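A.B. asks: pasted the sequence and its predicted model underneath.
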Amino acid sequence: MNIFLRIIALSSVMTLALPLQAAQASAASGNGRANLEVTVYTSNIAMVKDRRTLLIPKGRGLVSIAGVPSSIIPETVSLRPEDNGKGFRVLEKTYDYDLLSEKKLLDKYIGKTVKLIRWNEFQDRQDTLEAELLSNAEGPVYRIGGEIYLGYPGIRVLPALPEGLVTRPTLSWLLESATGGDRDVELSYLAEGMTWRADYRLVMTEGAQADLSAWITIDNRSGASFTDAAVSLIAGNVNRVQPRFSMMEQRAAGAPKMDVSATLQEQPAFEYHRYDIPWKTSLEDRQTKQILFFESSAVDLREEFLVMGSQGRFQKSSGEEGLKEPATVSISFGNRRENNLGMPLPGGAVRLFKRDSAGRLLFIGEDRLDNKPAGADVRLTVGAAFDVTAERKQKEYKKITSRLTESQWEITLNNKKEKPVTVGLIESFRGNWKIIESNRPFVKIDAFTARFDVTTPAGGSATVTYRLQTDF
């Protein structure tokens, strides 16, 4: 089996130390990254571990890292020394996300003088004039020569970059260290806007078998690129605390037989499953990428026709008019090693195809696969059957006591196919129930369900009748 996985990676970031008043100034120039790990969850979140070498100032000093994701969760940020014997203390940490934009730049210059430059077409020259910016709420408002201008053509020129704005989201720490110099550190945090999902393609072949392949789709909208990273995927439902407002709202106010599990690097992680990619890879910000997860052929299938009885069908009187009920087609297979599978399958959409007698590939339906452990059975609903139908009649209804009732039912299964089929009739009941008479054997699946398996002849029909007592 071939598995190709490429996932999300982090862009290079710069480090620097800024001077502090009443604290020792130092320039942190170390920028050597040793390792980058990204673990992506299906719940729109990722865990990032960035191991690097930083130049730590002696005494108190500020160290900053720019270019982190704009969707970072600041409360989860941790910076710690790899060698606790040469450690430092983190006194403060700050996340700056007020990024440069035209509006924010102009907002900083309200009440100040700016330059306006425009081309004078009549005199073929460039004119420059000074204007006082009065407002920028719904467009710039200027005072020029004692008059108020609601906007003015030309290029706006600012004398300097205002303080408090950053070009990229930046993390900063106020550190205290007895000694200065290079330190190996680990930066870790959670970031939103990163997710992955599995998409499956099942092509039914001759002999009740299928070729099954899976692709991983990774979407990176975190606000940063992750380059040359060791990437893992976590499958499972991770519980998260739901805040009253989200962080973003607050800021804005045909291969041979193969064994899939032989080469995939999968392992349990707490109550989830972790899939490790065997090489380092990259994914840029605002990029969606699909990666081949696995391919497997000659997967044995079982095709099934099911008629699902409704719990709300009971009437208080009998009637001769039949109720038409559809039969659905489903396929099932075992997720086992002997069936060329046998690995934990993450949840995702399964699209089903089959070739017709002319060899043309037809789309026949799709269903959603829940997380399935190794060894489990997988059942997928294909759609409604065209040639297999059911008709239901309530033949009798009577009240035995104030609570106990008795009813008789007749279900006719019709098969217009040129071969016999077995139809599973699934009957659901409420309350305490008992089938006291039946023309066919059945199995009690659970406290609310009985199942009849009925062989229906080619071009013919078969009938199920039973008498039911219930206190509902």
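C.D. replies: Received the coordinates, thanks. Residues are numbered from 1 along each chain as shown.
A.B. asks: who does the helix or strand harbouring residue 395 pair up with?
C.D. replies: Counting by DSSP states H and E, the element that carries residue 395 is strand 377-399. Strand pairing for strand 377-399, determined by DSSP bridges: strand 323-334 (antiparallel), strand 405-415 (antiparallel).
A.B. asks: so for the shortest one, mean pLDDT?
C.D. replies: For strand 405-415, the per-residue pLDDT values average out at 93.
A.B. asks: quick one: name whatever helix or strand follows that strand.
C.D. replies: strand 421-428.
A.B. asks: any weak-confidence spans in the stretch 301-450 of the chain?
C.D. replies: 310-321 (pLDDT under 70).
A.B. asks: can you list the domain ranges for this protein.
C.D. replies: 1-96+166-299, 102-157, 302-335+376-470 (automatic domain parsing).
A.B. asks: now do the helices in the stretch 151-300 of the chain.
C.D. replies: 247-251 (DSSP state H, counting those that start in this stretch).
A.B. asks: low-confidence bits of it, can you list those?
C.D. replies: 164, 242-271.
A.B. asks: go again using 80 as the cut-off
C.D. replies: Along the stretch 151-300 of the chain, the model assigns pLDDT under 80 to residues 161-167, 236-272.
A.B. asks: correct me if wrong: residue 215 contacts residue 295.
C.D. replies: No: look at residue 215 against residue 295 with C-beta atoms under 8 Å: they stay out of range, at 9.8 Å. In this view, the C-beta of every residue, glycine as well, is placed from N, C-alpha and C.
A.B. asks: quick check: longest helix of the chain.
C.D. replies: Longest helix in the chain by number of residues (criterion: DSSP state H): helix 102-108.
A.B. asks: just give me how far it sits from the chain centre.
C.D. replies: 36 Å (C-alpha atoms, centre = their mean, to the nearest Å).
A.B. asks: ok, and what's touching that helix?
C.D. replies: 98, 133, 136, 140, 156, 158, 162, 164-165 (C-beta atoms under 8 Å, 6 or more residues apart in numbering).
A.B. asks: buried residues, that helix. List them.
C.D. replies: Buried residues in helix 102-108, counted by 16 or more other C-beta atoms under 10 Å: 105-106, 108.
A.B. asks: select, out of the domains of the chain, the one closest to residue 343.
C.D. replies: Residue 343 lies closest to domain 1-96+166-299 among the domains of the chain, at 4.0 Å (C-beta to C-beta).
A.B. asks: could you list the buried residues of the host helix or strand of residue 368?
C.D. replies: Assigned by DSSP H and E, residue 368 belongs to strand 361-369. The neighbour-count check on strand 361-369 (16+ other C-beta under 10 Å) flags 365-367, 369 as buried.
A.B. asks: torsion angles phi and psi at the residue sitting furthest away from the middle of the chain?
C.D. replies: Residue farthest from the centre of the chain, counting by C-alpha atoms, centre = their mean, is residue 123 at 60.1 Å. Torsion angles at residue 123 (phi, psi; degrees, to the nearest 10) stand at phi -110, psi 10.
A.B. asks: need the contact list for residue 354.
C.D. replies: So residue 354 contacts 203-204, 361-362, 364 (C-beta under 8 Å, 6+ apart).
A.B. asks: cool, residue 387 as well?
C.D. replies: By C-beta under 8 Å, 6+ apart, residue 387 lies in contact with 415-417.
A.B. asks: list buried residues within those residues.
C.D. replies: Burial by neighbour count, 16+ other C-beta under 10 Å: within those this picks out 415, 417.
A.B. asks: which one of the contacts of residue 387 is nearest to residue 222?
C.D. replies: Nearest to residue 222 among the contacts of residue 387: residue 417, at 52.1 Å, using C-beta to C-beta.
A.B. asks: ranges for the strands of the stretch 51-200 of the chain?
C.D. replies: Secondary structure of the stretch 51-200 of the chain (DSSP state E, counting those that start in this stretch): strands at 59-66, 78-81, 89-96, 113-120, 125-135, 141-144, 147-149, 155-157, 170-177, 181-192, 194-205.
A.B. asks: redo the ones you listed as CSV? Include mean neighbour count and distance to residue 468.
C.D. replies: Formatted as CSV, those follow (neighbours: other C-beta atoms under 10 Å; distance: least, C-beta to C-beta, whole Å):
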stretch, mean neighbour count, distance to residue 468
strand 59-66, 20, 70
strand 78-81, 15, 62
strand 89-96, 13, 65
strand 113-120, 14, 84
strand 125-135, 14, 77
strand 141-144, 16, 79
strand 147-149, 11, 85
strand 155-157, 13, 81
strand 170-177, 21, 67
strand 181-192, 19, 52
strand 194-205, 21, 37
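A.B. asks: what's the closest of these to residue 323?
C.D. replies: Using C-beta to C-beta, the nearest of the strands of the stretch 51-200 of the chain to residue 323 is strand 194-205, at 31.5 Å.
A.B. asks: that closest one: how far from the chain's middle?
C.D. replies: 13 Å.
A.B. asks: give the pairing partners of it; include direction for each.
C.D. replies: Here strand 194-205 has these sheet partners by DSSP bridges: strand 209-220 (antiparallel), strand 348-355 (parallel).
A.B. asks: quick one: buried residues of stretch 416-433?
C.D. replies: By 16+ other C-beta under 10 Å, the buried positions in stretch 416-433 come out as 417, 421, 423-425, 427-429, 433.
A.B. asks: just to revisit the earlier point, which of the strands paired with strand 377-399 sits most buried?
C.D. replies: Mean neighbours per residue, mean count of other C-beta atoms under 10 Å, is largest over these for strand 405-415, with a mean of 19.
A.B. asks: what's the angle from it to strand 421-428?
C.D. replies: Calculated by axes from the mean of the first three to the mean of the last three C-alpha atoms, to 10 degrees, strand 405-415 forms an angle of 160 degrees with strand 421-428.
A.B. asks: pull strand 405-415 out as PDB, backbone CA atoms only.
C.D. replies: C-alpha atoms of strand 405-415 as PDB (Å, rounded to 0.1, in the frame of the first residue of the first chain):
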ATOM      1  CA  THR A 405     -53.900  -3.300  22.400                       C
ATOM      2  CA  GLU A 406     -53.600  -5.900  19.700                       C
ATOM      3  CA  SER A 407     -53.000  -5.400  16.000                       C
ATOM      4  CA  GLN A 408     -52.400  -7.500  12.900                       C
ATOM      5  CA  TRP A 409     -50.000  -6.400  10.100                       C
ATOM      6  CA  GLU A 410     -49.300  -7.600   6.600                       C
ATOM      7  CA  ILE A 411     -46.200  -6.400   4.700                       C
ATOM      8  CA  THR A 412     -45.900  -7.500   1.000                       C
ATOM      9  CA  LEU A 413     -42.300  -7.300  -0.400                       C
ATOM     10  CA  ASN A 414     -42.200  -7.000  -4.200                       C
ATOM     11  CA  ASN A 415     -39.100  -7.900  -6.300                       C
END
